[in-house]
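1. okay, sequence plus prediction incoming.
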Amino acid sequence: MRIFKDVIVLAMLCSVLCWVLAGWIWKKRSRRSVIPTNWPVVGMLPALLKNAGRLHEYGTDILRESGGTFEIKGPWFANTDMLITCDPANVDHILCRNFENYPKGPRLRKIFHVLGDGMVSVDSELWELHRRTTTPLMNQANFRTSLERNVSEKMENGLFPVLDHYALQGSHIDLQEIFQRMAFDISCQQFLDKDPGSLTADHPFRKAVRDAVNAILYRHILPERCWKLQKYFGIDREKNLSEADRAFDNFLYPILEERMEQLNKTQQPHDSGMLTSHIETHRGKSMKFLRDTFVTLIIAGGDTTASALTWFFMLLAQNPQVEANILHDILQLKQNKLIRIFKVEECQKLTYLHAAIFESLRLFPSVPLNHKIPMEKDILPSGHVVTPNTKIIMPFYSMGRMDTVWGEDCMEFKPERWISPNGKIKRQPSYKYPVFNAGPRTCIGRDMALAMVKMIAATIICNYQFQLVEPHHSEILISDTILLEKKHGLKVKFSKRK
């Protein structure tokens, strides 16, 4: 009888211990639930597929749990292993301190094939040629003057009529769509001396851009064999990418041929704009080189600006006090002056607006990631060893959401974090705030983009009130493209400000 009791007590103790152990394992797993399991054969693919609709957020969750750097293991047969890192020390090492070891390389060239020999996808001599020719042109006074004129005219003759129409009707508008159309028109006018008028009638180039940036993102993620098969059979995103490539050709080649014919007839440039200057500078280059150059400039100059404006106005609508602070500064600047459209010089005086735009870009960078592959074996500051087979993803989106980088309030929209006690804008190192990239490949269109965003934002805030009319989601939905776009657009209702 005593032995029977001992057995019961022992069984009860074992049962309690099992429950305690199970609880400990469950808690341990729940605390690390975002870390994907590395399964035999398929690696971490199941978790990645499960979170395919929220890759930016999922990557951020993983990096928070793993201290800023994590190795993704793909299927053993697919060669898709990659290192993701948003550690500022690693970013500084890759983009600045050891820049020469991390070129774009042939793999990235294949991924960005649709951009050809444009600045984004080339290295060495071609990249240096682009920097030598494009940067001085964008720094000229007449470039800044024409940009201010083009933005002002597009707002006066395009944006105001559209917003006034919807304000009068009392109906909502997709502000992201409006910004994309408007930025495309301004970019074409600035670089090609041609306004496609897409604010009133959509243009096939815009659909081509959407298809291209979507396919490029998946080329970063999918095994090369996979998207090459899609391209060979002309299916899925690769079919859309091929059609986008043709749409770029159909839009740009006639413009280039027309301007070259004009120059050949007159023998003297009739202007000093970007189109004429590039044709004159690259006389020995092929027509395709010019096509690649301007495809890159238009996408980089237009779509990134539209992205920045979209997220900025979403955050303003969610944070009315920030909008009120910006409006206060605008009214102080205006006083009794009749300012309908804000110029660059006036926008430079709006410190709080500048801070709010920088804060918005911290949370929603227009280009949310960078992709590098080392030429030679290297050891990152985090201690991770990388080889010429290592694909490195630097998610700038995640970096803006790291409390180890930006503090415990990193998820809050706080323009004040950019303003020092003396009222000046605080500067942050580019490897901590790489929204315009960092190191030698820092974005040469930074000043152009900021000028456009400030002029458009200040003018809209001064003349209109707006509110979100879209359903609330617990998690912000982001489109699966290489540029950061809001899924389903930004539905807003406007009214004229009294």
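-> Now that the structure is in, tell me what you want to look at.

2. dump stretch 123-135 to CSV, restricted to CA.
-> What follows is stretch 123-135, C-alpha atoms only, in CSV (Å, rounded to 0.1, in the frame of the first residue of the first chain):
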residue,chain,number,x,y,z
ASP,A,123,29.6,50.9,-60.5
SER,A,124,33.1,52.2,-61.2
GLU,A,125,33.6,54.3,-64.3
LEU,A,126,29.9,54.6,-65.3
TRP,A,127,28.8,55.6,-61.9
GLU,A,128,31.6,58.2,-61.6
LEU,A,129,30.6,59.5,-65.1
HIS,A,130,27.0,60.0,-63.9
ARG,A,131,28.1,61.7,-60.7
ARG,A,132,30.5,64.0,-62.7
THR,A,133,27.8,65.0,-65.2
THR,A,134,24.5,65.0,-63.3
THR,A,135,25.6,66.5,-59.9
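
3. which stretches of the stretch 151-300 of the chain form helices?
-> Taking DSSP state H, counting those that start in this stretch, the helices of the stretch 151-300 of the chain run over residues 160-169, 175-192, 204-221, 224-233, 236-266, 274-281, 287-318.

4. which residues touch the fourth one?
-> For helix 224-233, the surrounding residues in contact (C-beta atoms under 8 Å, 6 or more residues apart in numbering) are 78-79, 107, 110, 215, 218-219, 236-239, 241-242. (Glycine included, C-beta is placed from N, CA and C.)

5. in TSV: the helices of the stretch 151-300 of the chain, plus distance to residue 59, mean pLDDT and mean neighbour count.
-> Formatted as TSV, those follow (distance: least, C-beta to C-beta, whole Å; pLDDT from 0 to 100; neighbours: other C-beta atoms under 10 Å):
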stretch	distance to residue 59	mean pLDDT	mean neighbour count
helix 160-169	36	90	15
helix 175-192	23	93	24
helix 204-221	11	82	21
helix 224-233	20	84	15
helix 236-266	20	89	16
helix 274-281	36	86	18
helix 287-318	18	92	23
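
6. would you format the ones you listed as CSV with distance to residue 357 included?
-> Shown next, in CSV, are these (distance: least, C-beta to C-beta, whole Å):
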stretch, distance to residue 357
helix 160-169, 20
helix 175-192, 14
helix 204-221, 22
helix 224-233, 35
helix 236-266, 30
helix 274-281, 25
helix 287-318, 6
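
7. these: which one's closest to residue 65?
-> Shortest distance between residue 65 and these, using C-beta to C-beta, is found for helix 204-221: 20.4 Å.

8. report the angle between the closest one and helix 287-318.
-> Interaxial angle, helix 204-221 versus helix 287-318 (axes from the mean of the first three to the mean of the last three C-alpha atoms, to 10 degrees): 90 degrees.

9. heads up, I number from 235, so please use that
-> Taking 235 as the first residue, the last one we looked at is helix 438-455.

10. what separates helix 438-455 from the chain centre, distance-wise?
-> Remark: helix 438-455 is offset 13 Å from the chain centroid, using C-alpha atoms, centre = their mean, to the nearest Å.

11. kindly report the same for stretch 275-295.
-> 20 Å.

12. what lies in contact with it?
-> So stretch 275-295 is contacted by 268, 270-273, 306-310, 314-315, 318, 455, 602, 627, 629, 631-632, 635, 709, 712, 714, 718 (C-beta under 8 Å, 6+ apart).

13. stretch 397-412 now?
-> Against stretch 397-412 from outside (C-beta under 8 Å, 6+ apart): 393, 396, 433, 540, 544, 547, 694, 698, 700, 703, 719-720, 723-730.

14. what residue ranges in the protein score low on pLDDT?
-> In the predicted model of the chain, residues 235-267, 501-506, 705-709 satisfy pLDDT under 70.

15. no further queries at this time; thank you.
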